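[1] pasting the sequence and the predicted model now:
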Amino acid sequence: MNSLFLSPEHVLQGGYFNSTLRKLQEPNTSIEPHNIMYPVFLLENEEAMQAVSSMPNVFRYGINKLIPALSELIEKGLKSILIFGIVETLPKDASGSSADSAENPVIKALPRLRETFPELVIACDVCLCPYTSHGHCGLLGDTGAIDHASSVTRIAEVALAYAKAGADIVAPSDMMDNRIKAIKDALVANKLQNRVSVLSYSCKFASSMYGPFRDTMKSSPMAGDRKCYQLPPGSAGLAARAAARDVAEGADFLMVKPGLPYLDIVRQTKDRYPHHPLFIYQVSGEYAMISRCGDDAEVRTTLMETLTCMRRAGADCIITYFAPLILNIIGNKQ
Ligand SMILES: NCC(=O)CCC(=O)O
Ligand SMILES: [Zn+2]
Ligand SMILES: [Zn+2]
């Protein structure tokens, strides 16, 4: 009777009955420190430290508070960060001039971070929205629509300024067409091409899951939305073309953002570009959801399951506000 239901070639459970065997069944899904990048919010006021109300356990730091916080995390294994500058007193204007002025918090902090943490990989988000009066990611022309040529020129200028100040990676999140080529050209013209890489937010969707981040950064557009430059959530085709374009323009690394609802795009991108390390941005809305999914233990297991699935889908590195918690979890396991 039993044999009717147990045809040997259909028995799978013999292959995963203990944890070592289960690990073998999950290839390339381990979470090690180099698989994690930590986004940090950097304030102008060097002594400030503010909690982010919409994101539990996330803070905005002035550089003098950020350095000790990072030291602790680096001791636990942190390998890379992604910096977002926030201006509070510096002017926001039509050209986003505070993005790369001498007073910009990122420009000021980079030499100190570089010197204090020589081994840390420092990526800088490159966008105009935190610095423009209108809050759009590019510059606007007379009609109020994005002006492509001036936007790309300005984005490349800002990326170059961060590269010169000490960034290892510049990460344009603006989604203006052709910016990767403009940035690569600027790096080559300044002989920085072999010590600065470009992480393209290649497949960045116009998602509703950026809400807590925009509160934090005060970077919502004053009017309109970003649907004319970020990708429509249902479009796998545009995501494929955007990745292809960025690869052709010389992107070193690709990204899919947000993460969890877009794992099909992660797999599609990895399959087409297996030789380009692929990042996922686990965005603020994902952070908020997982943070509230249950008690501490449930948050931890849900988080680690999510990261495992992101790795399974093809992600090499996950940009996540959970980095401090992840370092604790994987540190305790080893
Ligand atoms: N350019 C960076 C983002 O838009 C981050 C979004 C998020 O964490 O919600
Ligand atoms: Zn932006
Ligand atoms: Zn953005």
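    Structure's in. What do you need? Ligands and ions are numbered 1, 2, ... in the order given.
[2] burial count for S53?
    Look at S53: counted by other Cβ atoms under 10 Å, it has 10 neighbours. In this view, the C-beta of every residue, glycine as well, is placed from N, C-alpha and C.
[3] same question for V121.
    By other Cβ under 10 Å, the residues close to V121 number 17.
[4] ok, now the one 3 residues further on?
    Neighbourhood size, C124 [other Cβ under 10 Å]: 30.
[5] what's the answer for D271, then?
    D271 has 9 nearby residues by other Cβ under 10 Å.
[6] I figured it hits A313, correct?
    No: if you go by Cβ atoms under 8 Å, D271 and A313 don't touch, sitting 10.3 Å apart.
[7] where do the contact lists of those two overlap?
    With contacts defined as Cβ atoms under 8 Å, 6 or more residues apart in numbering, no residue is adjacent to both D271 and A313.
[8] how about the secondary structure of M289?
    Secondary structure, DSSP: H, G, I helix; E, B strand; the rest coil: M289 is helix.
[9] what residues does this structure have near ligand 1?
    For the chain, the residues in contact with ligand 1 (Cβ under 6 Å from any ligand atom) are D125, C127, S173, Y210, F213, V283, S284, G285.
[10] need the contact list for the fifth one.
    When contacts are counted by Cβ under 8 Å, 6+ apart, F213 touches S219, V283, S284, G285.
[11] how many residues are close by G294?
    Close neighbours of G294, defined as other Cβ under 10 Å, add up to 12.
[12] revised request: answer the last question for A149.
    Neighbour count of A149, defined by other Cβ under 10 Å: 12.
[13] can you pull the contacts of S95?
    S95 is in contact with T132, L139, R154, counting by Cβ under 8 Å, 6+ apart.
[14] where helices are concerned, which of the residues you listed count?
    Per DSSP state H, helices hold the following members of the contacts of S95: R154.
[15] show me the shaky parts of the stretch 1-150 of the chain.
    Within the stretch 1-150 of the chain, the segments meeting pLDDT under 70 span 1-4.
[16] which stretches of it form helices?
    Secondary structure of the stretch 1-150 of the chain (DSSP state H, counting those that start in this stretch): helices at 2-5, 19-24, 63-75, 105-116, 148-165.
[17] okay, those in JSON lines with distance to ligand 2 next?
    Compiled in JSON lines, those are given as follows (distance: least, Cβ to the ion, whole Å):
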{"stretch": "helix 2-5", "distance to ligand 2": "57"}
{"stretch": "helix 19-24", "distance to ligand 2": "40"}
{"stretch": "helix 63-75", "distance to ligand 2": "22"}
{"stretch": "helix 105-116", "distance to ligand 2": "14"}
{"stretch": "helix 148-165", "distance to ligand 2": "10"}
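[18] any idea which element A182 lies in?
    Using DSSP states H and E, the element containing A182 is helix 179-189.
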